[in-house]
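Asks: Any chance you could fold what I've pasted below:
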Amino acid sequence: MSKHDKTPKMAIEAISNADWLADLHASAFVEGAWSRAAFADLLAQKTIFALGCADGFVLLQKTPDGMEILTLAVRPDKRRRGLARRLIAYARDAFKPKTIWLDVAADNQPAQALYTALGFNAYGRRSKYYKRAGNLAVDAVLMRLEFEEGATDE
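Replies: Take a look at the predicted model:
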């Protein structure tokens, strides 16, 4: 097992339980956790998919040009064990996108380091996109990962 793969191999599967997603999201994000209703509304859309296991999930939207990672959550006590990498790799293998997009808070250095290590490149910013305590706002860094090969019409 490498230093980047310390998570026991748990089956990654489709998740449709909005309560469970909201609970895990709240454990992963001190600020800005999404509600059960938000997850239920998203999962009702034909292009939105949640993939995960007991310790984390990725919520993504399939688009004609690829897929967008809407959120990725890993339980705090399970971080830095390769699960986020596994979730992204699983989603890539499942959907074979030509491009993957995401945005990440400019103050979330660990997430930016992960995405950069996976080959994502920053290509823009959204000013004051994320809200923080005390009415502070943080920019979103827009990132994308492009592949030579990918199926965009499946």
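
Asks: Strands of this structure, start to end?
Replies: With DSSP state E as the criterion, the chain has strands at 13-14, 48-53, 56-63, 66-74, 99-105, 121-132, 136-146.

Asks: Can you check which of those strands gets nearest to Tyr90?
Replies: Nearest to Tyr90 among the strands of the chain is strand 48-53; the distance by Cβ to Cβ comes to 6.0 Å. Every residue, glycine included, has its C-beta placed from N, CA and C.

Asks: what residues does the closest one touch?
Replies: By Cβ atoms under 8 Å, 6 or more residues apart in numbering, the surrounding residues in contact with strand 48-53 are 10-16, 21, 24, 39, 42-43, 57-62, 70, 83, 87, 90-91, 94.

Asks: hmm, back to that, indicate which one of the strands of the chain is closest to Ala33.
Replies: Checking these against Ala33 by Cβ to Cβ gives strand 66-74 as the closest, at 8.9 Å.

Asks: Low-confidence ranges, the protein, go.
Replies: Applying pLDDT under 70 to the chain flags the ranges 1-9, 149-154.

Asks: and the residue at minimal distance from the centre of the chain, bridged to which residues?
Replies: For the chain, the residue nearest the mean C-alpha position is Leu72 (2.7 Å; Cα atoms, centre = their mean). When assigned by DSSP bridges, Leu72 has beta-bridge partners Val58.
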